[in-house]
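> task: produce atomic coordinates for the following.
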Amino acid sequence: MSKSLKKKSHWTSKVHESVIGRNPEGQLGFELKGGAENGQFPYLGEVKPGKVAYESGSKLVSEELLLEVNETPVAGLTIRDVLAVIKHCKDPLRLKCVKQVVMYSIMAANGYATEERVNLYSVK
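Numbers count the residues shown, from 1 in each chain. Model (predicted):
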């Protein structure tokens with residue numbers, strides 16, 4: 001195997017865990033977007049500053065993929081199903097997330113160059 005292949009880190013090494021609780025209003029402090037109904041993995045929308053009750057781990061970042069909730073895999077589920085998993089979990093919640101890799105590609109279509117955003121991600 002070439003040295004350049006050995007040096008590249010696998011996406012799983014970038015997975016991080018955040019342990020959070022519900023805030024005094026009973027909310028988690030972030031939006032959930034994507035979902036299988038949209039042909040996407042669930043990911044974090046807006047993470048509201050000062051509204052997430054962190055207990056340990058790293059901070060949540062908008063646009064990160066949500067992979068697990070309390071060791072339950074949620075990648076590939078609809079938003080409704082992810083919310084059901086979250087609802088039935090007791091505090092604290094252990095969220096495993098990973099940043100998406102976003103690439104921009106230029107495509108030539110009918111003689112015109114257009115920019116297309118491509119989200120690349122994979123789940124174990």
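
> quick one, helices of this structure?
Listed in chain order, the helices found in the chain under DSSP state H are 3-7, 79-88.

> least reliable of these by average pLDDT, please.
The minimum mean pLDDT among the helices of the chain belongs to helix 3-7 (a mean of 60).

> contact partners for residue 50?
Contact analysis of residue 50 by CB atoms under 8 Å, 6 or more residues apart in numbering lists residue 29. All C-beta spots, glycine's among them, are computed from the backbone N, C-alpha and C.

> and it, how far is that from residue 59?
According to CB to CB, to the nearest Å, residue 50 and residue 59 sit 12 Å apart.

> need the overlap of contacts for these two.
With CB under 8 Å, 6+ apart as the test, residue 50 and residue 59 reach no residue in common.

> which residues of the protein score low on pLDDT?
Scanning the chain for pLDDT under 70 picks out 1-8, 102-124.

> so where do the strands sit in this structure?
Using DSSP state E, the strands assigned to the chain run over residues 16-21, 30-33, 43-47, 53-57, 65-69, 72-73, 93-98, 101-109, 112-120.

> now the shortest one, how far from the chain's geometric center?
Yep, that's strand 72-73 we're talking about. Relative to the centre of its chain, strand 72-73 is centred 13 Å away, using CA atoms, centre = their mean, to the nearest Å.

> what's the answer for the fourth one, then?
Going by CA atoms, centre = their mean, the spacing between the C-alpha centre of strand 53-57 and its chain's C-alpha centre is 17 Å.

> the residue most central in space within the chain pairs with what?
Centroid-nearest residue in the chain, with CA atoms, centre = their mean: residue 65, separated by 1.3 Å. Beta-bridge partners for residue 65, by DSSP bridges, are residue 43, residue 98.

> what of residue 69?
residue 72, residue 95.

> got the contact list for it?
By CB under 8 Å, 6+ apart, the neighbours of residue 69 are 82, 85, 86, 89, 93, 94, 95.

> what's the burial count for the second one?
Pointing back at residue 85 there. 17 (other CB atoms under 10 Å).
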